[in-house]
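**Student:** what's the 3D shape of this:
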Amino acid sequence: MISALQNRYNTLFDATLGKLWIARVWNGIDRTIPAGRRPLVRADILLALAFGVLGAAISLWAFSQTNRVAELHTTFNLWLHADAPRVAENMVTTSGDHGRTSVHPVFSILIFPFGGLLTALGMEPLAAAKSLIIVMMGVNAALFSLTIRLLGLPRIAVALFTTLFMATASFLFWGALVESFPFSCFGVLISLFMMFRVKTAHWAWWIAVNVLSIGFLVTNWMFGLIAMAVRLKLKPFVTIAAASFVLTVMLSVLQNTSFEKAAIFINPHTLTREANYFQPAMEEKGIYEEGWRPLNNLRSTYVTTVVAMPVYIQQQTHMRLATTNQNSSFPEGELSPVIAVIAWVLLFGLGLWGAVLRKDLRLPLIGAGAALVLQTLLHLIYGEVTFLYSMSFMPLLILFASCSWFSPYRTVSIVAAGLVLVFGVINNTSRFQETIDVADCLADVDSVKALQTWDYIRANNGPELTDYDGLQVDTVDLCGTKTPR
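**Tutor:** Numbers count the residues shown, from 1 in each chain. Just a heads-up that it's a prediction; the model follows:
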């Protein structure tokens, strides 16, 4: 029966899509893997495991620092607009508000089994959620090292650029809080790994990759689709994409019946609400005082992701206060961030040059470039804080930076990478500690205590905040920060 259905599908495909010009162009692309490319060996796996342990250790240390602000996981927006209270709850219980499955389609049903198991074994719910983040950050570091090894980098270069991956502001800040971004990063990395992989993968692996990429963040499906487009001809591409989408929908429906307030991601109403987070739309409605600044979005994407900028306090609708770094500039009197940024821009430029010269990997590198362009276009307009989503594009930035190894100026790239590492770590840890201090101070502000805690939002049946005239505050110089003008 299955064979008969497959034959009917093949006949139908060949009679429809198979006759289109796109099928001829798509299938005419040379996807042959050069004979000189080598698969991963045991030494690569062991090196990846070592980086996995180191990545988890960095996340563990970062949590030890943020733990001094107990309110981080009970109060919204203290940490760069993060929804830590909701995500922490979603990871360990089926109750509560799972409504953001509208854009994280099957996050709850994929992660809860692990969080539920840890709590069933006696671990405190928040500790269980933190443990999963620590493990995932380690997995991401290991997977990144394997991915750039597939670029043909020697192990010493793999070590250098994987260390750079873990030294970024994005890795440090989002390895220190319970949020969904480390899992989204995993969906990105597994897609990139499959795209650069030497061996041909079974169709079941491709379905898993697509479900993970779309399941953790709906816009990240682009990574799974691009990876398949690079490796597969049109018929298996269409088949696997359709099967992955159907499986994700089925999981989403099951999740909707098992988790409180879980949304089905294909619901047009819930998806169209995301337009409310477009910066131009928020500016037009008068709820985004800072205004849409595309150049600042680009800077946040390509610079702040790697070299952190100072945090400041932003007032949103009514009395909601949040920390952000969207429009901040270099801290006065500090040299380390300036050196780190200059070295990073040089390194990234050399990386783009090296990627162009890497002819035997042209097709997958074009795929990675297309993903970076699409992410850039998305975050030119979406979200108040671009850095909030940086784990989705940070791996691409460091991947292209690692291609500087193939540029004509390899020595310069090594020196630049070293400067980014040294001065970037000095700057990022300083900004990290400052953000913790500001979050700690902000947690004591009356309007935050009154309006932004999980208990208040639950009591008012949602995130809509009441305008408390008696709680007006001036965000300029609040908690030692200075709002950019």
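**Student:** And for Ile226, the neighbour number?
**Tutor:** Neighbour count for Ile226, taken as other CB atoms under 10 Å: 22. (Glycine included, C-beta is placed from N, CA and C.)
**Student:** Poorly predicted segments of this protein, please.
**Tutor:** Scanning the chain with the threshold set as pLDDT under 70 gives 1-2, 317-319, 459-476, 485.
**Student:** now do 50
**Tutor:** The model of the chain has pLDDT under 50 over residues 465-470.
**Student:** And the lengthiest helix in it, how far out from the chain middle?
**Tutor:** Determined from DSSP state H, the single longest helix within the chain is helix 410-442. On the basis of CA atoms, centre = their mean, to the nearest Å, helix 410-442 sits 19 Å off its chain's mean C-alpha point.
**Student:** Give me the next element, helix or strand, following that helix.
**Tutor:** helix 446-451 (DSSP states H and E).
**Student:** Tell me how far that next one lies from the chain's centre.
**Tutor:** 29 Å.
**Student:** Repeat that for stretch 369-389.
**Tutor:** Remark: stretch 369-389 is offset 10 Å from the chain centroid, using CA atoms, centre = their mean.
**Student:** Give me the distance between the two termini of that stretch.
**Tutor:** With CA to CA, to the nearest Å as the measure, stretch 369-389 spans 18 Å from end to end.
**Student:** Please identify the buried residues of it?
**Tutor:** Across stretch 369-389, burial judged by 16 or more other CB atoms under 10 Å covers 369, 371-372, 375, 378-389.
**Student:** go on, stretch 246-256?
**Tutor:** Residues 247-248, 251-252, 255-256 are the ones in stretch 246-256 that count as buried (16+ other CB under 10 Å).
**Student:** Also stretch 315-324?
**Tutor:** 315-316, 319-324.
**Student:** got it, and stretch 33-40?
**Tutor:** Here stretch 33-40 shows Leu40 as buried, counting by 16+ other CB under 10 Å.
**Student:** Ends of that stretch, what's the gap?
**Tutor:** By CA to CA, the extent of stretch 33-40 from end to end equals 15 Å.
**Student:** before we move on, what about stretch 270-284?
**Tutor:** 21 Å.
**Student:** and that stretch, how far out from the chain's middle?
**Tutor:** Relative to the centre of its chain, stretch 270-284 is centred 20 Å away, using CA atoms, centre = their mean.
**Student:** For it, which outside residues touch it?
**Tutor:** By CB atoms under 8 Å, 6 or more residues apart in numbering, the residues outside stretch 270-284 that reach it are 99, 102-103, 263-265, 288, 291-292, 297, 381-384.
**Student:** any idea where the helices of the stretch 201-350 of the chain begin and end?
**Tutor:** With helices called from DSSP state H, counting those that start in this stretch, the stretch 201-350 of the chain shows them at 203-216, 221-231, 234-258, 268-272, 279-285, 294-299, 336-357.
**Student:** Same list, those, but as CSV with distance to Asp14 please.
**Tutor:** Shown next, in CSV, are these (distance: least, CB to CB, whole Å):
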stretch, distance to Asp14
helix 203-216, 19
helix 221-231, 20
helix 234-258, 8
helix 268-272, 33
helix 279-285, 44
helix 294-299, 44
helix 336-357, 36
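**Student:** Could you point out which of those helices sits nearest Met137?
**Tutor:** With CB to CB as the criterion, Met137 lies closest to helix 203-216 of the helices of the stretch 201-350 of the chain, at 14.4 Å.
**Student:** by contact count, what packs against that closest one?
**Tutor:** helix 107-120, helix 181-196, helix 221-231, helix 234-258 (3 or more CB pairs under 8 Å, 6 or more residues apart in numbering; DSSP states H and E).
**Student:** Can you add distance to Val448 and give the ones you listed back as TSV?
**Tutor:** Shown next, in TSV, are those (distance: least, CB to CB, whole Å):
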stretch	distance to Val448
helix 107-120	26
helix 181-196	23
helix 221-231	35
helix 234-258	32
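**Student:** re earlier: just the buried residues of stretch 315-324 now: which is nearest Glu124?
**Tutor:** Closest to Glu124 out of these is Thr323 (25.9 Å), distances taken as CB to CB.
**Student:** beta partners for that closest one?
**Tutor:** Applying DSSP bridges to Thr323 yields these beta-bridge partners: Ile313.
**Student:** so what's it up against?
**Tutor:** When contacts are counted by CB under 8 Å, 6+ apart, Thr323 is found next to 77-81, 311-314, 435, 438-439, 442.
**Student:** Likewise for Ala176?
**Tutor:** With CB under 8 Å, 6+ apart, Ala176 has these contacts: 59, 62-63, 65-66, 432.
**Student:** So how do I select the buried members of those in PyMOL?
**Tutor:** A single PyMOL command selects the buried members of the contacts of Ala176 (16+ other CB under 10 Å):
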select buried, resi 59+62+63+66+432
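**Student:** Now do the helices in the stretch 51-200 of the chain.
**Tutor:** According to DSSP H, counting those that start in this stretch, the helices that the stretch 51-200 of the chain contains are 84-90, 107-120, 125-149, 155-167, 169-174, 181-196.
**Student:** Enumerate the positions of the fifth one that are buried.
**Tutor:** It stands for helix 169-174. 169-174.
**Student:** Not counting its own residues, what contacts that helix?
**Tutor:** Contacts of helix 169-174 (CB under 8 Å, 6+ apart): 55, 58, 62, 79-80, 137, 141, 165, 181-182, 185, 304-308, 387, 390-391, 394, 424, 428-429, 431-432, 435.
**Student:** quick one on the thing from earlier: which two of the buried residues of stretch 369-389 have the greatest separation?
**Tutor:** Gly369 and Glu384 (27.0 Å).
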